[in-house]
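>>> Have a look at this prediction, sequence included:
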Amino acid sequence: MSAGANLGTTIRFRPLNVGRYFLWGSFALVLAVLPLFFSAGFAITMMSQMGIFIIAALAYNMLLGETGLLSFGHAVYTGLGSYFAIHALNWIAAGTLPLPVALVPLVGGLFGLLFGLLFGYIITKKAGTTFAMITLGIGEMVFAASLMFPSFFGGEGGISANRVVGKPFLGITYGPAIQVYYLIALWTFVAMIAMFALTRTPLGRVANAVRDNPERAEFIGYNTHIVRFLMFALSGFFAGIAGGLSAINFEIVSAESVGAQRSGGMLLAAYIGGVGVFFGPVIGAIIFTFFLVAMSNMTKAWLLYLGLFFMAIVMFAPGGIASVILMNLRVWKAGFMNRLWKPYAALASAGVIALGGFVAIVEMTYKLSDSGGGGAFSVFGIPIDLAKPLSWIVAGLVLAVGGFLYRRAWVAMKREWDDIQSILAERAT
Amino acid sequence: MTAAPGAAASIELRGVYKSFGKTQIIRGVNLAIAKGERHAIIGPNGAGKSTLFNLISGRFPVSSGNVLLNGADITGLKPYQINRRGLSRSFQITNIFHRLSVFENLRCSVLWSLGYKYSFWKALNGLADANERAAEVMEGIGLSRRRDTLAGLLSYAEQRALEIGITIAGGAEVILLDEPTAGMNRSETAHAVELIKKVTAGKTLVMVEHDMGVVFGLADRISVLVYGEVIATDAPAAIRSNAAVQEAYLGTTANNH
Amino acid sequence: MEFFLISMLNGVTYGLLLFMLSSGLTLIFSMMGVLNFAHASFYMLGAYFAYQISVKIGFWPALVIAPLAVGAIGMLVERYGLRKVHKYGHVPELLFTFGLAYLIEEAVHLIWGRSAVDYRVPAELSGSLFKIYGTAFPEYRGFMMLVSVLMLVSLYLVLTRTRIGLVIQAALTHPDTVEALGHNVPRVFMLVFGGGCALAGLAGVIGGNALVTEPGMALSLGAIMFVVVVLGGLGSLAGAFIASLLIGLLQTFAVGFDGSLGRLFAPLGISFPSGTFLGELWGLTISSAAPVLPYVLMVLMLIFRPRGLLGTRDV
């Protein structure tokens, strides 16, 4: 057959793939210059945590998005990675482990891999809900066990260490937060490239096949258990690296790092960002960390807002933010964006009004339950007296009006959107 | 075209039984299919044709009896083990990878046979032989134009073609096709028959098929399966005139074609 | 003997409470395929509602109103949330309940604060029922058992004697066929979801004051309920009942044992220094290992017998 002859043009459209190099290059540049723009200590801390969580969420998505495995216990691998990394730091300090601090995340990774191999071999015999339940069970087991063995897990207080150990390399001690940021940024970049490359290998692609149709995968020669197992173990490796970085960053690891809440956070972040696209979890990790670090400083209700945000994604955009972006890019490329600007603007303004009303009510309720009735505070210089019903009526009214407008704007936007989608679908065939 | 005595048959079933609970579906099937033969299995609905395929390809375990592939016993092996020994099958209900593109569907299907197994240190785009083979199959099944379309978005006929493509991509020497033309109109069926002829040239082909036009146009030999038993195995002409077959089966469907 | 009897009574009480929680979860999971992560949150809501009502009106009205209110919320959640997500598949459904659990916990924080509320056993039930070997058995424990048994009997009657009960039973074992029979499946789902939530709410009402009513109570019981459902088996209420008692007894009895590997191997002279990992493993008593046991059971069950004790299908 002749198809092989024109392979060069059909398979490798752009031999060097300039676009991709450009993308990764700019990403590296962004990582490098971010601290110049956000130099406050708080920003550096947040960006460091974002980097760590990007690795964790991407590692998580190797299971959910790429292999179709829903895990409720992936903090086991980040957490155990953290524990071994923090012990490694202490061993370095004691002089028993000759290892530069920069490579400590690798210790976390190797132990993440080890436990991924150990637990993963059993867990990946199953898929679907059974898999999810086993990961939940093992997560609870490890968490409960972590409180039983204080010599390794440090009991309630956890294990702490000092990251400024060993000989400084080129004057880098990892004492200042900015040095830790760059260490994390470097590992994030490397881990991201490695995980992206993995999606372009035989194992990575066959994992997609197993996700879509495990039965058929068995009939093209693949043992689905082995495919899931390898993906699970490799995911454990990257999760462990994230755990190791987190040990360096916080200099303390406690039982909650293997707990259900942490596992749930990884799921939330990956899903919010979008599990169907490689970059989805990156977006999710950034948003999640923003909520966790910045919003939690501003309001006690941050988890409520995050939960609502997550529910909105599940209900209205099950492909996550990444898929919303991609769908809009498609519309934009096809030249239909001009039809959507107005509906989008209307939707956004109505959304802001509704959100304002809602946030006001939530915050006022929190103030009320904290102060035990009554109390007053001010927002943007406007004094709000909680004892007066007027405050509540106004907030409720804002929410109601905003909600009503939002609903109308949504219907109008949906009409345009569906129309454009049907035109696009017609073009495709 | 019966198997020459002494030479191992491509597929051989020896006293194969299968029950689900108390119901016996396959009741003592003996069958030998020679290398390079095109063999059709026909029979009324519920005769156990698809079950027989499931037993040969390892989807279900047999209750008793043996299945041999090129003379080697494959009874009790897993589907992937049987596939690696050179037997590949298609499905009656389209069974493809919906969220992968046409090309990726086919590329996945060639990876194992080319020895890439579970490797995660090789870039897919650098695997010249796999890409070439996938493109070749894609051309062969007429889907090159749809290279980057997600399989789930293809038309029904295109999905059926892809189904066959996935089955043959790995280069298996023994191909099992389960109702390859199910649900197709007349012109699609004619197209599918040509496609099957082309892509299975020189291989052993076993197919379950309801369309008698397809069966008589493609098969060297035909087996008639009725209530889990093979009541006749013979050349098409002989099957047509076989009184037992006519009574059990053709008598009711002869009007259709 | 004293230890045995007391543990037995406590274990059965705890087991019955677990069954009240897991029966709804099993029904929902078996019929709708939704592993309801928010189920324990409805239990928590039951307790908080009961606390609020008992402060304002009294415990006895709370016993009736709180479960009904929780059930109503459950139905609303099914009707306006879960049903919309249903078309995307099981994973988004599951994630929906997962997110809902977060939300309910936060709503509780918002309204009742972050520390435990003073939800007390009613005065008329705070005496002791009888004494065994000098240990008093509280009246309220007896009341809990009574309510649990009443609930068990009424659940049994509803499932076997009413039309909707028969539909539910059919749907438990053959979820696909019910629709074919022309029943209004979405409505049945809504009722089952609401009913399951109401049962969880009832468990909250009678369990919240016996244990503790605080925002962490959902999380602490949530995972155990999954253990019960898995052990009991998909589609089997009887299995869930046995598994509830089993876990209840296991946890109560394990707490009383202080055997350890170290003791077991002491006659052989095998021991490890304390303060090391192996030393801790050797010194680990069954009582302190008790929290792990249910999960070990669950994982083993899922691997070797995914259909559970009495299940009709694999999980």
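Now that the structure is in, tell me what you want to look at.

>>> CA atoms for contacts and neighbours, from now on please.
Noted.

>>> Pick out the residue nearest the middle of chain B.
Nearest to the geometric centre of chain B sits residue B:176, at 1.6 Å (Cα atoms, centre = their mean).

>>> mind listing what that one touches?
B:53, B:87-90, B:205-207 (Cα atoms under 8 Å, 6 or more residues apart in numbering or on different chains).

>>> what about the residue in the stretch 1-150 of chain B positioned nearest to chain A, neighbour count?
Chain A sits closest to residue B:80 of the stretch 1-150 of chain B, with a gap of 4.2 Å, by Cα to the nearest Cα. Residue B:80: 24 surrounding residues under other Cα atoms under 10 Å in any protein chain shown.

>>> go on, the one 5 residues further on?
Counted by other Cα under 10 Å, the residues lying close to residue B:85 total 18.

>>> Angles on the backbone of it, please.
phi -90, psi 10 (degrees, to the nearest 10).

>>> quick one on the thing from earlier: check contacts around the nearest residue to the residue nearest to the centre of chain B once chain neighbours are set aside.
Computed as Cα to Cα, 6 or more residues apart in numbering or on different chains, the closest residue to residue B:176 that is not its neighbour in sequence is residue B:89, at 4.4 Å. Counting by Cα under 8 Å, 6+ apart, residue B:89 touches A:219, B:57, B:167, B:175-178.

>>> Save the residues you listed as a markdown table, and put in secondary structure and pLDDT too.
Below are the contacts of residue B:89 laid out as a markdown table (DSSP: H, G, I helix; E, B strand; the rest coil; pLDDT from 0 to 100):
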| residue | secondary structure | pLDDT |
| --- | --- | --- |
| A:219 | coil | 97 |
| B:57 | coil | 95 |
| B:167 | helix | 96 |
| B:175 | strand | 96 |
| B:176 | strand | 96 |
| B:177 | strand | 95 |
| B:178 | strand | 94 |
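
>>> Farthest pair within those?
A:219 and B:178 (13.5 Å; Cα to Cα).

>>> how about the strands in chain B?
For chain B, the strands defined by DSSP state E occupy B:11-20, B:23-33, B:38-42, B:64-69, B:72-73, B:87-89, B:174-178, B:204-208, B:221-226, B:229-234.

>>> which of these is buried the deepest?
strand B:87-89 (a mean of 28; mean count of other Cα atoms under 10 Å in any protein chain shown).

>>> That one - which strands sit beside it in the sheet, and in what orientation?
Next to strand B:87-89 in the sheet, as set by DSSP bridges, lie strand B:174-178 (parallel).

>>> ok, which residues in the stretch 101-250 of chain A are in contact with chain C?
Neighbours of chain C within the stretch 101-250 of chain A, by Cα under 8 Å from any Cα of the partner chain: A:122-123, A:125-126, A:129-130, A:133-134, A:136-138, A:140-141, A:144-145, A:148-149, A:151-152.

>>> again, only using 10 Å
Neighbours of chain C within the stretch 101-250 of chain A, by Cα under 10 Å from any Cα of the partner chain: A:122-126, A:128-131, A:133-145, A:147-153.

>>> From those, list the ones also adjacent to chain B.
Checking those against chain B (Cα under 10 Å from any Cα), there are no matches.

>>> on that earlier part again, give me the common contacts of residue A:219 and residue B:178.
Common neighbours of residue A:219 and residue B:178, using Cα atoms under 10 Å, 6 or more residues apart in numbering or on different chains, are B:89-90.

>>> Which residues are in contact with the residue of the stretch 1-150 of chain B closest to chain A?
Taking Cα under 10 Å, 6+ apart, we find residue B:80 in contact with A:215-224, B:57-59, B:87-88, B:112.

>>> nearest to residue C:256, of the strands of chain B?
Taking the strands of chain B one by one with Cα to Cα, strand B:11-20 is closest: 48.0 Å.

>>> pLDDT weak spots in the chain?
This is for chain A. Where chain A drops to pLDDT under 70, the residues are A:1-18, A:371-382, A:429.

>>> wait, I meant chain B there
B:1-7, B:249-257.

>>> repeat that for 50
Applying pLDDT under 50 to chain B flags residues B:1-4, B:253-257.

>>> What is the helix or strand harbouring residue A:356 packed up against?
For residue A:356, the host element (DSSP states H and E) is helix A:341-371. For helix A:341-371, the packing partners by 3 or more Cα pairs under 10 Å, 6 or more residues apart in numbering or on different chains; DSSP states H and E come out as helix A:302-316, strand A:376-379, helix A:389-428, helix C:90-112.

>>> And that helix, how far out from the chain middle?
Offset of helix A:341-371 from its chain centre (Cα atoms, centre = their mean, to the nearest Å): 25 Å.

>>> Would you mark the buried spots in that helix?
For helix A:341-371, the neighbour count (16 or more other Cα atoms under 10 Å in any protein chain shown) marks A:343, A:346-347, A:350-351, A:353-362, A:364-370 as buried.

>>> packing partners for the host helix or strand of residue A:285?
Per DSSP H and E, residue A:285 falls inside helix A:280-289. With contacts defined as 3+ Cα pairs under 10 Å, 6+ apart, the packing partners of helix A:280-289 are helix A:41-67, helix A:260-273, helix A:302-316, helix A:320-333.

>>> Pull the distance from the helix or strand just after it to the chain's centre.
Following helix A:280-289 in sequence order, the next helix or strand is helix A:296-298 (DSSP H and E). Counting by Cα atoms, centre = their mean, helix A:296-298 is centred 19 Å from the centre of its parent chain.

>>> repeat for stretch C:224-240
Its chain's average C-alpha position is 10 Å from that of stretch C:224-240, according to Cα atoms, centre = their mean.

>>> can you give me the helices in the stretch 51-200 of chain A?
A:75-94, A:104-123, A:128-146, A:150-153, A:177-198 (DSSP state H, counting those that start in this stretch).

>>> Turn the ones you listed into TSV, including distance to residue B:230 and mean neighbour count.
TSV is the format used below for those (distance: least, Cα to Cα, whole Å; neighbours: other Cα atoms under 10 Å in any protein chain shown):
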stretch	distance to residue B:230	mean neighbour count
helix A:75-94	55	27
helix A:104-123	42	24
helix A:128-146	39	22
helix A:150-153	66	19
helix A:177-198	49	19
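
>>> Output those helices in CSV, with distance to residue B:71 appended to each entry.
What follows is these, written out as CSV (distance: least, Cα to Cα, whole Å):
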stretch, distance to residue B:71
helix A:75-94, 47
helix A:104-123, 34
helix A:128-146, 38
helix A:150-153, 57
helix A:177-198, 40
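
>>> Of all these, which one is nearest residue C:247?
That would be helix A:128-146 among the helices of the stretch 51-200 of chain A, by Cα to Cα, at 14.6 Å.

>>> With just CA atoms, put that closest one into CSV.
Output in CSV follows, covering the C-alpha atoms of helix A:128-146 (Å, rounded to 0.1, in the frame of the first residue of the first chain):
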residue,chain,number,x,y,z
GLY,A,128,-14.3,1.4,38.4
THR,A,129,-16.1,1.8,41.7
THR,A,130,-14.2,-1.2,43.3
PHE,A,131,-10.9,0.6,42.6
ALA,A,132,-12.3,3.8,44.1
MET,A,133,-13.4,2.0,47.3
ILE,A,134,-10.1,0.2,47.7
THR,A,135,-8.1,3.4,47.4
LEU,A,136,-10.5,4.9,50.0
GLY,A,137,-9.9,1.9,52.3
ILE,A,138,-6.1,2.0,51.9
GLY,A,139,-6.1,5.7,52.5
GLU,A,140,-8.0,5.3,55.8
MET,A,141,-5.7,2.4,56.7
VAL,A,142,-2.5,4.4,56.2
PHE,A,143,-4.0,7.4,58.0
ALA,A,144,-5.0,5.3,61.0
ALA,A,145,-1.7,3.5,61.0
SER,A,146,0.2,6.8,60.9
